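Undergrad: below is the sequence, then the predicted model.
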Amino acid sequence: MSDYAVFAHPDFDPNDYANAILAGEPYPPQPGKSKPTKAAGLAPASEDVSVSISKLTFSLDDVEKQLKNVVTTHHEDLLVQAAGVSDLQGSLGSVRTGLNELDSSLEKLRSKIRVPYQSLQRHVSKLERLQQASDILRRTSRFVILARRLELQLVEMNKADASDTDGANGVKPKPPSNGAAAAASGSGARAETPVALDSEDEKERAIAKAALTIAELTALLDAANEAPVTGTAHDEHENGRADTGDRVPLSSIRAVAVHLPFIDAARAKVTTDMETMVFTGLATLNQSMLASSLQTAHNLRVLPDLVQNLVSDLSEAVEGRIRSAFDLTRISKDIMAKDTASIGQGLLYKSRVRTEPTSVTAPQWTAALWGSLESLIEEMADCCIKVYTLEKVLKVKRDPVTDVVFLDEAMKVLENKPSTTFWASLGRSLEKNARDAAKGSSFLQQTLSTGYPRLLRLFHSFFTKIAVHTDTVYTQAQQSPETILILRALSNFESLYLSRSSNRLNEAVGQAFAGGARAPPGMSEGINVARAVANELDSAKFDPLLVQSVARYAVSSLELMLARGDNLISRDRAATSLLGPVASPQLLLNASLATCVYHAWVRLDKLREEYPEGVIAILLPATTKLHDTFERVVNPLLAAIRRELGAVISKLHRMDFSDSVDPLTAMGGGPSPYMKDLVEKLAFVKNEVLALYTVPEVSRQWVLSIVRFVIKTFVLHASIAKPLGESGKLQLTSDMTELEFGLSAFMADKAQQSKRGADWDAVGDDYRALRGMRQLLFLDNATLASPRHTAGLPPLIVLHHILVRSPITLPHALHGWAEAEYVRWVEEHSEDEAWTLVDGDVTHWEKVAEAEGRNPGAAAEYVRLARTVLANAQQKVVAT
């Protein structure tokens, strides 16, 4: 088939082929040759004409042979297809007949449907034009009626203006040119007569009606932009009519166009009167007038924009006043103007305007600055009250027709409520101007930071003024978010004030510890530190937030004091040494530090009665640490005193209290050596140790606790002194007398020198036990178990004395303890455990005596007495 590829090509042209053969060119032409538009890819025919003719002849013969072979081979199939073509002609004839019938039916349908539709379409177009003309006439009629009504309403407004002018005996107030100036002005209320009030109400009603009429007229004029309302259906046929429902604007009607200038003038007049009423209502806080003017604005469909502009104007007015209050250039000009007026133009040297005062003019500048801030607070309160009055009216006022709340209507434009927007704007403006002014003027920064409490009191007066008209609260117990927002704007000055306050507190602490360990702080230094803290808190007491901030800085200063004091505290053995004859330097150092810390704690602890719980909660950790530090210094010393006195009393058992000593000699020999040591040690503790602590209230408690400890320890040791004879009893009595004298001298102080004797009532049961011990020594055995004869003595002491008189071994001897160890064990355990120990001792002696074959009768009386005392003690415990 490649030989016939040239002839099978879709672009084969016999004329071109013949021309190519005659010209000796390839066919089809190759790219880049004379005929590049033909398809490429075939080999050129370079033979001459004769050869080409021969090939064509041969090819024709060959094709003819091939066709003959195909016909011969497939003649049956070809005959079948030829017969089918004849049948197909018959079918096509029937189809052609059906199509002719369909065309005739279509013509009939056209005559029945299309022609009526086209007629109906023409009629519908006429109807729409009639409806459009009717709508124009209806709107024009309504417009003319409303225009005439508006003329009558304007006449009523003019009458109300005239009567209002006559009733007030003055000229009608001219509308302010600037909304901010009118809203921020504080003009007083007019003296209105009943006639003026009635005319004012009539005017407000007339303005509201006129506004509603103007709004309806405007809606009619703007109705051309709305989609038409028709009652016809629109066909979507391919030849459908064009949309002819566009409304004709009324302004193009001559009868309507005549009234347009009058409507514009009426709108301008109503708008002006409405704005005047709004500004007057805000200035006089007349909620009735403000509600009427807002109703007029709602009727004019401008309520959201009006409210937004009012809030914006009030915010801008306050922002401008804040900027002016912090403008030192303005303050300088005002001061120069006053000087010019007082001195005279001819005598004054005009210098350049200063932005910083000199040392001479500083008081004038300070007074002018505070005066400017006071004026600022007044205007801020005035504007804030106006905003809240506006918002209150918006919340309450509803449209009588649609029952829409005016505040909801205004919120379509506003992002937040008017009050929220005003507070946010006020806070931003105050913070920005205060920060910029402080950066640009060291005088203003120093004046307002030093006088921050005064500045804060100005804002307190601001909160107080607006509290009556707003829901703003600023008290010790509660602070509204709005007040916090405003005070945060002054955080720059507050930080500087707190920094100075902290410096004063740290300076007081530094002065207290200036002497170091050689001259440690004492009572006066502790009082000075506490007084400095109290003074700083008292300066900020009027403000609940500032006093808490000052308290936090005070805690930091107190922690600094504790850290420096803790570094000076001596913790070596000499700090609790009681060797004498004078106190060690470590004792002196710790006593001075403890006195300082104690007096600081006492003064600060009294602040609980003066400040709220929030401030006390901040100070509590620091005051608790002060008390803990005091106790860490004192408790080891008191423990050492008890330990030393207990060791001296335990020397009692080195004495011989048996009958080997002559009773007369014992009575005349005076107190025992251990008692002399005890009295001397008590005198040393009082005069050389406790006297170092200038803490009268606590020192008295220390003295009483030491006296109780000494008496209790002595009675315990005396009750187990064995053997004990008559001379020993007399010696113990003499020692008790000496002990009582020594303790009396130990408890005596300068305040009680005028009194006779010591205050033994404060010692209580321990002193009664000492007095009862004397009687116990000389009681008969039969009366030892009598509660009446042993009144005031603990049952354990009576039990000990019974065992001392008996052959029964004492508990400490049974267990192999030293007397001091046994006394310490008794002090550390309860009475029940001590009674159990004695009862076990008696039971053990009975078992041992029976096992060893001793005579139990020798101690039977003492065993019975001990059991009786134990039973009485246990019954007493059960009864209580």
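TA: Right, received. Where do you want to start?
Undergrad: looking at the chain, which helix or strand does the model trust least?
TA: Least confident helix or strand, the chain: helix 179-184 with a mean of 41, by mean pLDDT, DSSP states H and E.
Undergrad: downstream neighbour of that one in the secondary structure list?
TA: The helix or strand immediately downstream of helix 179-184 is helix 194-221, counting by DSSP states H and E.
Undergrad: pull the distance from that next one to the chain's centre.
TA: 49 Å (CA atoms, centre = their mean, to the nearest Å).
Undergrad: remind me what that helix packs against, helices and strands.
TA: helix 115-168, helix 260-284, helix 287-299 (3 or more CB pairs under 8 Å, 6 or more residues apart in numbering; DSSP states H and E). To be clear about C-beta, it is placed using only N, CA and C from the backbone, and glycine gets the same treatment.
Undergrad: and the next helix or strand past it?
TA: Immediately after helix 194-221, counting by DSSP H and E, sits helix 254-257.
Undergrad: just the CA coordinates of that next one, formatted as CSV?
TA: Extracted in CSV, the C-alpha atoms of helix 254-257 (Å, rounded to 0.1, in the frame of the first residue of the first chain):
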residue,chain,number,x,y,z
ARG,A,254,-42.9,68.7,38.0
ALA,A,255,-45.6,68.7,40.6
VAL,A,256,-43.2,67.0,43.0
ALA,A,257,-40.1,68.9,42.0
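Undergrad: show me the contact partners of it.
TA: 140, 143-144, 221, 250-251 (CB atoms under 8 Å, 6 or more residues apart in numbering).
Undergrad: now that helix: average pLDDT?
TA: For helix 254-257, the mean pLDDT works out to 76.
Undergrad: and for stretch 100-113?
TA: Stretch 100-113 comes out at a mean pLDDT of 86.
Undergrad: start the count at 90, not 1, going forward
TA: Sure thing, new numbering starts at 90, so read that last one as stretch 189-202.
Undergrad: the helix or strand hosting Val799 - contacts with which helices or strands?
TA: Assigned by DSSP H and E, Val799 falls within helix 785-808. When contacts are defined as 3+ CB pairs under 8 Å, 6+ apart, helix 785-808 sits against helix 702-738, helix 762-773, helix 815-836, helix 854-866, helix 884-894, helix 908-917.
Undergrad: pick the most buried one from the ones you listed.
TA: helix 884-894 (a mean of 23; mean count of other CB atoms under 10 Å).
Undergrad: could you check how far Asp224 is from Arg218?
TA: 11 Å (CB to CB, to the nearest Å).
Undergrad: cool, Pro507 as well?
TA: According to CB to CB, Pro507 stands 51 Å off from Arg218.
Undergrad: higher neighbour count, those two?
TA: Neighbour count, other CB atoms under 10 Å: between Pro507 and Arg218, Pro507 has more, with 24 against 11.
Undergrad: quick one, helices of the stretch 90-239 of the chain?
TA: 94-97, 103-112, 138-162, 164-198, 204-257 (DSSP state H, counting those that start in this stretch).
Undergrad: okay but Phe602 is in contact with Gly654, surely?
TA: Yes: Phe602 lies in contact with Gly654 (CB atoms under 8 Å); the separation is 7.4 Å.
Undergrad: between these two, which one's more packed in?
TA: Gly654 (24 against 21).
Undergrad: once you drop chain neighbours, what's closest to that one?
TA: Of all residues not flanking Gly654 in the chain, Leu682 sits nearest, at 5.4 Å (CB to CB, 6 or more residues apart in numbering).
Undergrad: quick one: low-confidence ranges for the stretch 190-339 of the chain?
TA: Along the stretch 190-339 of the chain, the model assigns pLDDT under 70 to residues 249-289, 312-336.
Undergrad: so can I have JSON lines of the helices and strands packed on helix 785-808 showing distance to Gly529?
TA: Listed next are those as JSON lines, based on distance: least, CB to CB, whole Å:
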{"stretch": "helix 702-738", "distance to Gly529": "35"}
{"stretch": "helix 762-773", "distance to Gly529": "69"}
{"stretch": "helix 815-836", "distance to Gly529": "69"}
{"stretch": "helix 854-866", "distance to Gly529": "75"}
{"stretch": "helix 884-894", "distance to Gly529": "83"}
{"stretch": "helix 908-917", "distance to Gly529": "73"}
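Undergrad: can I get these in a markdown table including mean pLDDT?
TA: Formatted as a markdown table, the helices and strands packed on helix 785-808 follow (pLDDT from 0 to 100):
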| stretch | mean pLDDT |
| --- | --- |
| helix 702-738 | 92 |
| helix 762-773 | 91 |
| helix 815-836 | 89 |
| helix 854-866 | 85 |
| helix 884-894 | 88 |
| helix 908-917 | 90 |
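Undergrad: residues contacting the residue nearest to Gly654?
TA: If you count contacts by CB under 8 Å, 6+ apart, Leu682 has them with 609-610, 654, 657-658, 722.
Undergrad: any idea which of these is closest to Pro446?
TA: Pro610 (41.1 Å; CB to CB).
Undergrad: contact partners for that closest one?
TA: If a contact means CB under 8 Å, 6+ apart, then Pro610 has 601-602, 604, 654, 681-682, 685 as its contacts.
Undergrad: just flag the most distant two among those residues.
TA: Gly604 and Gly654 (12.6 Å).
Undergrad: for Ile809, see how far away Leu892 is.
TA: Look at Leu892 and Ile809: by CB to CB, they are 8 Å apart.
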